[in-house]
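Colleague: coordinates for the following, if possible.
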Amino acid sequence: MNRLMRISIITFILTVCFSFSLHADLDQKFEARFRTQVSNFLNTLDESQQKECLQPMDLKTRWHKQYTGGKREGIQIKKLNAEQKTALQTTLKMVLSDYGLEMAETVARQDGAQGLDKYYIACFGDPRKGDDPFAFRLCEHHLTIVHLVIKGGKISEFGPILLGANPPVLWEKDEALLMQAWKANDNKNILEKGSGISSRLMKGNKGIFYSELNSNTQAIIKQAWSHRISIFTPAIQHRLNDLQTTRGGWDKSRVSFYNQAAEKRSTDGGMWDFKCALPGMVWDFESSRGHIHMSLCVHPLVKK
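Modeller: Purely as a prediction, here's the structure:
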C-alpha cells in the first residue's frame, strides 16, 4: 500500500468518525433545540393567540384519543399569519420527515382543500419557563401528530399519535407489510377474536411473544415498525427505538392480529386489525371499521 493510499484511507476514516460524532452531538441536543424552536414559535403569537395555544400541562384531555374531527385544544393554523406559519413549519420539520409532513398534509386534504389550516396547534406547559416539562401537539380529524413530551431534558412520553384515512386509500405500505407478515406467519395462536381497537393498549396476557414467530415474520414486522416511524426525523426515530428498548424491546413485545385473516386490503373489504405491544406502549393498525386507523403511544409507566 503506497503512502498516498494510506493517507486517503486515514482521511476517510477520520471524516466518517467526525460525521458520526457531529451527528451524535446534534442528536443529544435535540430536546434543547426543540424547546428553543417551540419558544420561538410562541413568541410570534400575540397575547390572545398565546392564550389559545398555551394549555395546562396537567390537562386531562391531553391524552384524549379521538380520530373524529371537531374542536381541539389550541389555536387553528388558519388563524396564523405568514410569519407565524413559517415558524410553525420550522417547528414541525424538526419532528416530521419530508414523508411524514407530506402524509400529514395528504390526510388533512381528505377533509377538503383547506388541508392543515383547520387543524389545531397546542402547547401544554410553557417551554420558555426554564426546564419545565411541556408537550407540543398538532391534531384534528384522523391526525394527531407531533405529540411529544419533554421532561428533564429528554423525551419521556410520546403520543398518542393517531393516523387514519377515510376512504382507506392511504398508508398502503403499512397495510401491505402487515399483510406480508400475516402470510409469512405459521403460528396459529396469532389471531384473536373481536376487534383490536386502535390506540388501546394490549392486555398483558393477550397476543404471542414476538420471539415465537418465525424469522421471516419477525423481519417483516420490524420492517413495518421502521416504516411506521419513518414519518419522523432521524432524531425522533432514534428516541422511539430507545423507548421501545427501554420497555423490553422485541423479545418482550407481544403481537396479535384480530377479527379475520389479513388477506385483503381495506379497500377490498378487508376488516382485520393488528397490534404490537409492550408495557405502556403500542403501535397498531385497524381496518375492521371499514376504514383505516393507526396509532403509536408510549405512556408513562405507573410505578407500583
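
Colleague: for stretch 225-235, which positions count as buried?
Modeller: By neighbour count, with 16 or more other C-beta atoms under 10 Å as the criterion, the buried positions of stretch 225-235 are 225, 228-229, 231-233, 235. Backbone N, C-alpha and C define where each C-beta goes, glycine included.

Colleague: how about stretch 130-140?
Modeller: Those would be 133-140, for stretch 130-140 by 16+ other C-beta under 10 Å.

Colleague: which member of those residues is positioned nearest residue 206?
Modeller: Minimum distance to residue 206 across the buried residues of stretch 130-140 is 27.9 Å, recorded for residue 139 (C-beta to C-beta).

Colleague: before we move on, back to that, let me have the buried residues of stretch 225-235 in TSV, extended by distance to residue 203.
Modeller: Listed next are those as TSV, based on distance: C-beta to C-beta, whole Å:
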residue	distance to residue 203
225	21
228	22
229	24
231	27
232	28
233	33
235	32
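
Colleague: thinking again about what came up before, I'd like to know which of the buried residues of stretch 130-140 is nearest to residue 65.
Modeller: Each of the buried residues of stretch 130-140 was checked against residue 65 using C-beta to C-beta; the closest is residue 139, at 10.1 Å.

Colleague: the helices in the stretch 1-150 of the chain, which residues?
Modeller: Across the stretch 1-150 of the chain, reading from the start of the chain, the helices by DSSP state H, counting those that start in this stretch fall at 3-28, 30-44, 47-53, 82-93, 98-109.

Colleague: and the second one, what other elements does it pack with?
Modeller: To tie it back to what came earlier, the one meant is helix 30-44. Applying 3 or more C-beta pairs under 8 Å, 6 or more residues apart in numbering; DSSP states H and E, one finds that helix 30-44 contacts helix 82-93, strand 134-140, strand 143-151.

Colleague: so what strands line up beside the second one?
Modeller: If you go by DSSP bridges, strand 134-140 pairs up with strand 120-124 (antiparallel), strand 143-151 (antiparallel).
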